[in-house]
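Q: From the sequence below, what's the structure:
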Amino acid sequence: MSGAGQPPGVVRGTLRLLSRGELWLLLLVSAWSVTLLVALLVRAHDSGLVFIGADSRAPGDQLQYLAWIRDAGRHGLAANLYGFGQPARVFLHPMWLLSGLAVAAGAGPAVSLLIWKPVAVVLLFVAVRAYVRRLVPGRWPPRLAMLLALFYYPPVQTFVSQTGIGVTRQHVETALRNDLLPAFQLWGYLPAAIAIALTALTLLATEKALDPRRRSPGKGSAWYAAWAAAAGLTAAWLHPWEGETLAVVLVGLLVWDVRRRARLVPLLAVLGATVAPLIYYYVLSRANASWALAARQADFIRSSDLPVVGLGLAPLAVPALLGARGRALDVQERMLRLWPLATAVIYFVVRPPYPLHAFAGVAIPLSVLAVRWFTSIGDRLGRARAWLAAAAILALVGSCLPFAFQTVHRALSGDYDLTLLKPGDANALRYIAAAPGPGGVLTSGALGYAVPGMTGRETWVGHPVWTPDAATRNALAGALFSGALTPSAGEALVRRIGARFVLEPCGSVASLATPLAALGYRPRSFGCATVYQAQ
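A: Below is the predicted model of the structure:
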């Protein structure tokens, strides 16, 4: 490659004319990435609802992103706005800081989040393409490996959902779809998608830093090590589970190559850069009350979900294990085998909060190994068996189509009330956002998700991971706005909470005017929603 300052090898490979198969795959990934977004926008248009920016099957996490974006745009660092009186702003995230600056410049919060979608699509496609082309020879096998790496969907999902096999449906959905389907990250989980891409790019650049035979003319070890370090640092900062995986891979390679002193310095440089954000997150979880709370409350997936993980991975892991045999192990081949092992170490040994995220991206190395094994079957047994191998791969991919259709149908039929608001609720939140002076908001648990991102203010109840004593608060808020509390009990609850704004959302059947008037609150109506503001 010519031209100083260009990324190592990846741009050169990507700028070459894509093959027809790769072009169709890029179009497929792009279409997939906006399918749920388009469905939500269509429903918002047809139903007169307001889309606030979360295009995900779990929109609460994206509403948390919006909260960080709005806070980072105002202050640089972001605080946890779920719960009153939270600690000072300590969270720095590069994506949310840039999006926050866009909001400060006049962009809407939803736009500032969604602008990362094309970045995630391009990076994920480029990284998977470069990684697969490095490790899978031939013409059609790389295309199948790319397809499988991006769209692997466990075909046992329906079976596990129906039988349970000792775990909850939440475990099933998380393990078998949200984390094992790489393209799922393009539906709202954009930091994870970008981090997965950067993980693959880090490994490619690390190989060039360590192996002179892989370098472009005029580029030395330090140049590639710098690119690898930058990619590893960014991946770990955006989504620490990928950083943990990278760190374990690099430590494994360091142990594997311990006698090769020439590789020690560049490898340690990449490892140090990757570990730096992980140290930052560790300090946050120990020194900051909000982050310590989130670490504890994200600890709800620690029961015996091994059967789900095993069934989800088996269709890909078994052929991958067979494909891992019988090759000369250069640097990249070693890292290829270390990647799945690293995810297992993170999940079973390190056990970070929400450990299933460790499996995000593992389909990439497993797909490479599995396709190489399927290809070897075809080479030994003839073209007919090769077609059977291709059919097996396509079956693993095609099983995600019913999931996609089901998701779109749910979005169109009304299951996404966290991200599609009634106009009254949206207008009430805009009014609260524009009101001068500080003050938090008391509203229902569902609408509370949207309060920080829409208003920049604290909410008493909202995201269950970040809200103190979330279950109790959600129950109390539900009782207040459902009319289950007597007027005196409702008055006592509002007095104890001390919110400046009480937002009675659309659908509430409570009669709060009298008890809140006794506390000095004045109402303002927004159709089906009412804001009570303390004077």
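Q: Got the domain ranges for the protein?
A: 10-27+117-412, 420-534 (automatic domain parsing).
Q: Least confident of the ones you listed, on average?
A: Comparing mean pLDDT across these, the lowest value falls on domain 10-27+117-412: a mean of 84.
Q: Tabulate the domains of the chain (JSON lines), appending distance to residue 60 and mean neighbour count.
A: Quick note: C-beta positions are derived from backbone N, CA and C, even for glycine. As requested, those are exported to JSON lines (distance: least, Cβ to Cβ, whole Å; neighbours: other Cβ atoms under 10 Å):
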{"stretch": "domain 10-27+117-412", "distance to residue 60": "10", "mean neighbour count": "20"}
{"stretch": "domain 420-534", "distance to residue 60": "5", "mean neighbour count": "19"}
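Q: what's the closest of those domains to residue 111?
A: Minimum separation from residue 111 across the domains of the chain (Cβ to Cβ) falls at domain 10-27+117-412, 10.7 Å.
Q: The closest residue to residue 251 other than its chain neighbours and residue 336: what is the separation?
A: Of all residues not flanking residue 251 in the chain, residue 271 sits nearest, at 6.9 Å (Cβ to Cβ, 6 or more residues apart in numbering). For residue 271, the distance to residue 336 equals 18 Å [Cβ to Cβ, to the nearest Å].
Q: Point me to the residue sitting farthest from the middle of the protein.
A: residue 518 (45.0 Å; Cα atoms, centre = their mean).
Q: Quick one: the helices in the stretch 51-200 of the chain, in order.
A: 59-75, 94-104, 109-114, 116-135, 140-151, 157-163, 169-173, 190-210 (DSSP state H, counting those that start in this stretch).
Q: With distance to residue 27 as new columns, can those helices be given to me in CSV?
A: CSV is the format used below for the helices of the stretch 51-200 of the chain (distance: least, Cβ to Cβ, whole Å):
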stretch, distance to residue 27
helix 59-75, 25
helix 94-104, 25
helix 109-114, 19
helix 116-135, 10
helix 140-151, 12
helix 157-163, 26
helix 169-173, 28
helix 190-210, 17
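Q: and residue 448, which of those is closest to it?
A: Comparing these by Cβ to Cβ, helix 59-75 comes nearest, at 9.4 Å.
Q: any idea of the mean pLDDT for the closest one?
A: pLDDT averaged over helix 59-75 gives 93.
Q: wait, doesn't residue 524 sit right on residue 531?
A: Yes. Assessed by Cβ atoms under 8 Å, residue 524 is found in contact with residue 531 at 4.9 Å.
Q: picking that back up, would JSON lines of the domains of the chain with distance to residue 38 be doable?
A: Putting those into JSON lines (distance: least, Cβ to Cβ, whole Å) gives the following:
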{"stretch": "domain 10-27+117-412", "distance to residue 38": "9"}
{"stretch": "domain 420-534", "distance to residue 38": "13"}
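Q: Just tell me which of those domains ends up closest to residue 66.
A: Nearest of these (Cβ to Cβ): domain 420-534, 2.9 Å.
Q: can you point me to the longest helix in the protein?
A: Scanning the chain for the longest helix, with DSSP state H as the assignment, gives helix 20-47.
Q: Show me what counts as buried in that one.
A: 22, 25-26, 29, 32-37, 39-40, 43-44 (16 or more other Cβ atoms under 10 Å).
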